[in-house]
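# Give me the fold of what follows.
(2 chains)
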There are 2 protein chains.
Amino acid sequence: MTQSREIHLVRRPVGTPVATDFDTIQIPIAPPAAGEVQVRNLWMAIDPAMRGRMSDAKSYVPPFALDAPMEGPAIGEVIASNDPAFAPGDLVFSRLGWREIFNAPASALQLRDKTALPSQAWLCFAGMPGLTAYAGLVRVATLKAGDVVFVSAASGAVGSIACQIARNMGCKVIGSAGGPDKTAFLRDILKVDAAIDYKAEPSLTKALAREVKAIGATGIDVYFDNVGGDHLQAALALANNFARFAICGMISQYNVTGAPTVPRNLTMLMTKRIRMEGYIALDHMDLETEMVEQMTAWNVAGQMASAETVYDGIDKALDAFNGLFTGANIGRTMVKLS
Amino acid sequence: MTQSREIHLVRRPVGTPVATDFDTIQIPIAPPAAGEVQVRNLWMAIDPAMRGRMSDAKSYVPPFALDAPMEGPAIGEVIASNDPAFAPGDLVFSRLGWREIFNAPASALQLRDKTALPSQAWLCFAGMPGLTAYAGLVRVATLKAGDVVFVSAASGAVGSIACQIARNMGCKVIGSAGGPDKTAFLRDILKVDAAIDYKAEPSLTKALAREVKAIGATGIDVYFDNVGGDHLQAALALANNFARFAICGMISQYNVTGAPTVPRNLTMLMTKRIRMEGYIALDHMDLETEMVEQMTAWNVAGQMASAETVYDGIDKALDAFNGLFTGANIGRTMVKLS
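Residues are numbered from 1 along each chain as shown, chains lettered A, B, ... in the order given. This next block holds a predicted model:
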């Protein structure tokens, strides 16, 4: 019988997850029952929200069960099907990562076009990170050609796609990331117009002012916010009148207790007539088809670089996860499972 | 020859303006020259921005000249005309307040309908305060029937109109103001659904939560912000998903030095998908005709109460001005000049 490996959570981690919180289980996989499909995972994506589900604190998603495989976005290939909607060779998206081979009801799978894009792109620029960046810029921030766009956490899974969308739509892009490797990635791979190493800047506002001037602009028209805090303050300070801010994340603020120290300049919302809007990609699934078409066209034209840190094999999954928190990873964190 | 009185700024005030910073001058008014119109002011409106123009600090409007009449919105009646566009008896708006009778070029005057509304309404609900409230609610916050609307500084010139617009458009309205006289005004005259005396509440967030519950709602859909700070924090805390915030003013923040202490909960923009937009009424002059029609209809139907604190005669103008800063005035501060 077909053998698979899957990673179980066996103990709820305290602080940084360690190897003994998990177990890699080898199990036999029976042929798919009626209405089931058998899938070999090719790739899974790792994201920080998984840490929350390892704990049993109350949240809007349930915690991972103990002694069961964890979950997460994955792309796989159908290897056997007992459902008329799927056939061997089909490329499918599921939430059933952290395992190599599995049987699942057809309803847990979504077909993906295997000819248009590299398979892992469905977890990256043609997946939720792509939709998040696209909805934020195109719908929330009503991006238009000629805008000057500032992206924080620009080397991250979503930020790296946001930079490229803005560049491809005829905008000038200033990205911020931490450290020289990441700013080199912004310049060399994402081809932004200016990159700021926020860890090396005593004042992010002064750094942004300098880069705005360096690209021949007077201010920013759009801010794609993943960070909040001093990045938001700098964006407010350099905003042009009628600027639009898409608030995708405020990672600097999640663990702040007590009073935040920034932004001090929220009144600029009014004097500069800024629109600032928070959003969640799941509210914008109606844009998915348009987004995939656009991303595919850009990819074919060589204008959408994949931005991934790849770990090879299910044995490296925990390293991949912990890499999220050390700041080592650039772009989407991926595990190649097959 | 016709005699007029006008108030000159003779010295730039330090702190609270005092009587000796001003002089009331009696002058003769010649018949209007060619292209000029002679106007007797009926009403003028006083607003806090005039304090800024009494100083010579750099701003987006020039300071008042010394030894010349000050300026401000006024409504008057044409008493003689040497321009074909105006005739005696016409009602006109100008920026030439702080004087009783004056000659001005026709280009400095705008005709107003004298039959539709009481003349002072053109400085209040059918003037800039009306446009400010209307544009903020209808355009910026995309108000719709059934919304729960929170208005801060609800007894002020703009807030008092915002409360009534929202009520007339089929919304539930919660207003906040300082002191029992003002909250009584909100309830009795503006007919809001709930009124909060922010000076009497140890926690504005708790007070807003209590009033939201009292009117049978789960949260607020629209926040009309004149105050910022802890009012904005309470609005974020009680916002429903997809709430819209029109940022008209943030008066609590203008004199804050150092780091602001509120709002601590700006990340709710994202989790609740809130849209927060600053605006300035002058960008929305295209709404003026629609606004005046709507306000006139509501006024005729008895659904738009005037909210004014009236001082009688040009000799009371300085009292009117200082009343702005003691918190004594409710609604628009007006001086009846004739």
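
# Identify the residue spatially nearest to A:Leu91, adjacent ones excluded.
A:Lys114 (3.9 Å; Cβ to Cβ, 6 or more residues apart in numbering or on different chains). Bear in mind the C-beta positions are built from the backbone N, C-alpha and C, glycine included.

# repeat for A:Gly175
In space, A:Gly175 is closest to A:Ala154, 3.0 Å off (Cβ to Cβ, 6+ apart).

# Enumerate the residues of the stretch 101-250 of chain A near chain B.
Counting by Cβ under 8 Å from any Cβ of the partner chain, the residues of the stretch 101-250 of chain A lying close to chain B are A:228, A:232, A:247-250.

# Which ones among these map onto helices?
A:Leu232 (DSSP state H).

# among the residues of the stretch 101-250 of chain A next to chain B, which ones are buried?
A:228, A:232, A:247-250 (16 or more other Cβ atoms under 10 Å in any protein chain shown).

# Next, find the distance separating the residue nearest to A:Gly175 from chain B.
Separation of A:Ala154 from chain B (Cβ to the nearest Cβ, to the nearest Å): 18 Å.

# tell me which element the residue nearest to A:Leu91 falls in.
Under DSSP states H and E, no helix or strand contains A:Lys114.

# What confidence value was assigned to it?
Per-residue confidence (pLDDT) for A:Lys114: 93.

# Could you do the one 3 residues further on as well?
Model confidence at A:Leu117, given as pLDDT, is 95.

# how many other residues sit next to it?
Using other Cβ atoms under 10 Å in any protein chain shown, A:Leu117 has 21 other residues around it.

# Identify the residues contacting it.
A:126, A:295-296, A:299 (Cβ atoms under 8 Å, 6 or more residues apart in numbering or on different chains).

# For chain B, see how far away it is.
29 Å.

# Where does that residue sit: helix, strand or coil?
Under DSSP: H, G, I helix; E, B strand; the rest coil, the three-state class of A:Leu117 is coil.

# Tell me, how many residues neighbour the residue nearest to A:Gly175?
Each residue near A:Ala154 was counted by other Cβ under 10 Å, and the total is 30.

# which residues in the stretch 1-150 of chain A form strands?
Counting by DSSP state E, counting those that start in this stretch, the stretch 1-150 of chain A has these strands, from start to end: A:2-9, A:22-29, A:36-46, A:74-81, A:91-94, A:101-105, A:110-112, A:148-151.

# Against which helices or strands is the longest helix seen in chain A packed?
Across chain A, the longest stretch assigned as helix under DSSP H is helix A:288-300. Here helix A:288-300 touches helix A:128-134, going by 3 or more Cβ pairs under 8 Å, 6 or more residues apart in numbering or on different chains; DSSP states H and E.

# Report all helices and strands that the helix it packs on contacts.
helix A:159-168, helix A:288-300.

# Show the average pLDDT along the first one.
Taken as a whole, helix A:159-168 carries a mean pLDDT of 98.

# about what we covered before: may I see the strands of the stretch 1-150 of chain A arranged in a markdown table, with mean neighbour count as well?
As requested, these are exported to a markdown table (neighbours: other Cβ atoms under 10 Å in any protein chain shown):
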| stretch | mean neighbour count |
| --- | --- |
| strand A:2-9 | 18 |
| strand A:22-29 | 14 |
| strand A:36-46 | 24 |
| strand A:74-81 | 22 |
| strand A:91-94 | 21 |
| strand A:101-105 | 19 |
| strand A:110-112 | 15 |
| strand A:148-151 | 30 |
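
# Near A:Gly15, how many other residues are there?
So A:Gly15, with other Cβ under 10 Å, has 5 neighbours.

# That one: what's it in contact with?
Per Cβ under 8 Å, 6+ apart, neighbours of A:Gly15: none.

# Please tell me the pLDDT value assigned to it.
Predicted confidence (pLDDT) for A:Gly15: 83.

# What separation is there between it and A:Thr326?
14 Å (Cβ to Cβ, to the nearest Å).

# Apart from its neighbours in sequence, what residue is nearest A:Met44?
That would be A:Gly97: by Cβ to Cβ, 6+ apart, it lies 3.3 Å from A:Met44.

# Pretty sure the one you found sits against A:Val39.
No. Contact status for A:Gly97 versus A:Val39: not in contact, 11.0 Å apart, counting by Cβ atoms under 8 Å.

# Contact partners for A:Tyr78?
Tyr isn't right for residue A:78; it's Val. A:37-39, A:86-92, A:109.

# Ok, A:Thr20 next?
Taking Cβ under 8 Å, 6+ apart, we find A:Thr20 in contact with A:10-11.

# switch to 10 Å and redo it
A:Thr20 makes contact with A:10-11, A:13 under the criterion Cβ atoms under 10 Å, 6 or more residues apart in numbering or on different chains.

# and it, how far is that from chain B?
In terms of Cβ to the nearest Cβ, A:Thr20 sits 34 Å off from chain B.

# How much space separates that residue from A:Val14?
Distance from A:Thr20 to A:Val14, by Cβ to Cβ: 11 Å.

# Great, nothing more from me.
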